[in-house]
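Asker: Prediction below, plus the sequence it came from.
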Amino acid sequence: MSVVVVGVDGSTTAARAAETAAGLATALGSELLVLVGFPSIDRPEPTDSETLTTREAAEQLADAVAEPLRAANPGLVIHADAEPGKPAEALVYAAESREASLIVIGNKRVQGVSRILGSVAVDVVRKASCDVYIAHTTG
């Protein structure tokens, strides 16, 4: 089964990209992986047992984005996960390790050379070993 990977970060534009990715995964007969990248810097764990680790918070965010997608796309297999590293690195690694056929990212606008696509999108396009779909998520 092929896999479509979408990166999310809790933003509205990322949620729109995830909706687009769900539609593409359905059309392609693929599974969908909703992925959140999180900082991989080693830090001391908090002593308060109710405080989430960075990985746990990222996994919860991925699950929170995946839940409405599951409700809206009952026939689609949707996984949620978190991967350490900068967002582009996490997306590319997850896509390679799961032999994904497609990475979907939003075109969140930033300043400078990357203004049209966004810096994460540019990095993913440069490094990905599979196709990349840039979803129109702004404007």
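Answerer: It's in.
Asker: Make sure residue 33 is indeed in a helix.
Answerer: No - per DSSP: H, G, I helix; E, B strand; the rest coil, residue 33 lies outside any helix segment and is strand.
Asker: in the sheet, who's paired with it?
Answerer: residue 5, residue 79 (DSSP bridges).
Asker: What separation do you get for it and residue 76?
Answerer: According to C-beta to C-beta, to the nearest Å, residue 33 stands 11 Å off from residue 76. C-beta here means a position set from N, CA and C on the backbone, and glycine is covered the same way.
Asker: Then residue 129?
Answerer: From residue 129 across to residue 76, the span is 24 Å (C-beta to C-beta).
Asker: So between the two, which is more surrounded?
Answerer: The neighbour count for residue 129 versus residue 76, taken as other C-beta atoms under 10 Å, is higher for residue 76 (17 against 10).
Asker: and the nearest residue to residue 39 once chain neighbours are set aside, how many neighbours?
Answerer: Leaving aside its chain neighbours, residue 39 sits nearest to residue 54 (6.0 Å; criterion: C-beta to C-beta, 6 or more residues apart in numbering). Using other C-beta under 10 Å, residue 54 is surrounded by 15 other residues.
Asker: these two touch, right, residue 54 and residue 36?
Answerer: No - with contact defined as C-beta atoms under 8 Å, residue 54 does not count as touching residue 36 (10.1 Å).
Asker: Worst mean pLDDT across the helices and strands of the protein, which element?
Answerer: Least confident helix or strand of the chain, by mean pLDDT, DSSP states H and E, is helix 119-127 with a mean of 88.
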